[in-house]
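**Q** what would the 3D arrangement of this be:
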Amino acid sequence: MIVDPASSAKGAPLVRRQKQLIALAWAVTMLPLIVFLYLSWQSVELHDKLAAERAEVERLLHERSTVTGDLKILSADLVHARAEKERLQAEIGKAQKDLELQTDSARRYRNLAGVHIRFYRDSDRKVVEAALEKLGFRIETELGSSQLLNRTPDTIAYGGNVSEADLQDIAVALVEAGFPLRRMTKAEKQPDPNLIQIIASVRADQCGPLSVQEIRTGRKCG
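**A** Modelled structure (predicted):
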C-alpha cells in the first residue's frame, strides 16, 4: 500500500491530538480513583488512631475508677482507724485513772498498815524506788547498816504483820525492775513486824533466781 507523504504529514498532528486526549481521559479517570484510594487509606489510619485513643481513654477512665474506689476504701479505713484510736485512747485514759485511784487506795491502806521498806546500799536506791514507790509503799530515806554491804542484795526479809499479798507485790515489782531476787524469809533479828528489808544473804546462794510465776505460786526458798 502506498501512503501519500503529504496526507501522512497532515494526519500526524491529529494522531498526537488523539493520544493527548486519550492520556487526558485516562488521567481524568484515574485521578479520582487515586484520590479515593488516598482518602480511604487516610480514613483507615484515622479510624485506627481514633480506636487507639478511645482505648486509652477507656483505660484511663478505668484506672481513675479504680483509684477512686481505692481512695474511698482508704478513706473509710482511715476514719475507722481514727475512731479506733480515739476509743483506745479513751480506754487507756480510763485505765490510767482507775490505776491512779487504785494506787491511791493502796497507798492509804499501806500507810495505815504501817508497812515500810528499808534497803542498805545507795546503789540500790534507783531500782528500789522505781519499783516500789508506784505501789504506794513507804521507803525509808536513811540506809540501814549491814555486815554484807559488799554483796549484791538478793533477799527480802519481812516482818510478821506483812501480808502475803503485799510481800508478793513487792517481790514481783522488784524482779520486774531487774532485782536479782533469790530468797524471801521472815526477819529473824529485826523486831519491827511492819518492816520489809532488802538485804544480802549467804543462804540465798543455795537458791536460784525467783521468777514472777514462782513468786505468785508462793515459792520463797526461805
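**Q** helix or strand next in line after the helix or strand hosting Glu84, which one?
**A** Per DSSP states H and E, Glu84 falls inside helix 5-113. Next helix or strand after helix 5-113 toward the C-terminus (DSSP H and E): strand 116-119.
**Q** what mean pLDDT does that following strand have?
**A** For strand 116-119, the mean pLDDT works out to 87.
**Q** what's the answer for stretch 195-214, then?
**A** 89.
**Q** buried stuff in that stretch?
**A** Leu195, Ile196, Gln197, Ile198, Ile199, Ala200, Ser201, Ala204, Cys207, Leu210, Glu214 (16 or more other CB atoms under 10 Å). C-beta coordinates here come from the backbone N, C-alpha and C atoms, glycine included.
**Q** tell me the one of the residues you listed nearest His47?
**A** Glu214 (85.4 Å; CB to CB).
**Q** so that closest one, which state does it fall into?
**A** State at Glu214, reduced to three classes by DSSP: H, G, I helix; E, B strand; the rest coil: helix.
**Q** how close does it sit to Thr152?
**A** Relative to Thr152, Glu214 is positioned 20 Å away (CB to CB, to the nearest Å).
**Q** pLDDT below threshold where in this protein?
**A** Residue ranges of the chain with pLDDT under 70: 1-11, 99-113, 144-149, 222.
**Q** give me the domain ranges for it.
**A** Domain ranges of the chain: 1-113, 114-216, per automatic domain parsing.
**Q** can you say which of these is packed in most?
**A** When the domains of the chain are scored by mean count of other CB atoms under 10 Å, the highest mean neighbour count falls to domain 114-216 (a mean of 16).
**Q** gap between the residue sitting nearest the centre point of the chain and Thr68?
**A** What sits nearest the mean C-alpha location of the chain, by CA atoms, centre = their mean, is Ala81, with 12.3 Å. Ala81 sits 20 Å away from Thr68, going by CB to CB.
**Q** over to Glu142?
**A** Glu142 is 72 Å from Thr68, by CB to CB.
**Q** go on, Lys97?
**A** 43 Å.
**Q** ok, now Ile198?
**A** Counting by CB to CB, the gap from Ile198 to Thr68 is 65 Å.
**Q** same question, Thr185
**A** Counting by CB to CB - Thr185 and Thr68 are separated by 71 Å.
**Q** and what of Asp122?
**A** Applying CB to CB, one obtains 66 Å for the distance of Asp122 from Thr68.
**Q** quick check, nearest of the buried residues of stretch 195-214 to Ser163?
**A** Among the buried residues of stretch 195-214, and counting by CB to CB, the member closest to Ser163 is Ile196, at 11.0 Å.
**Q** show me the beta-bridge partners of that closest one.
**A** Ile117, Tyr158 (DSSP bridges).
**Q** shouldn't it be in contact with Gly160?
**A** No: counting by CB atoms under 8 Å, Ile196 stays clear of Gly160, with 11.5 Å between them.
**Q** can you tell me the closest non-neighbouring residue to Asn161?
**A** Leaving aside its chain neighbours, Asn161 sits nearest to Pro193 (3.9 Å; criterion: CB to CB, 6 or more residues apart in numbering).
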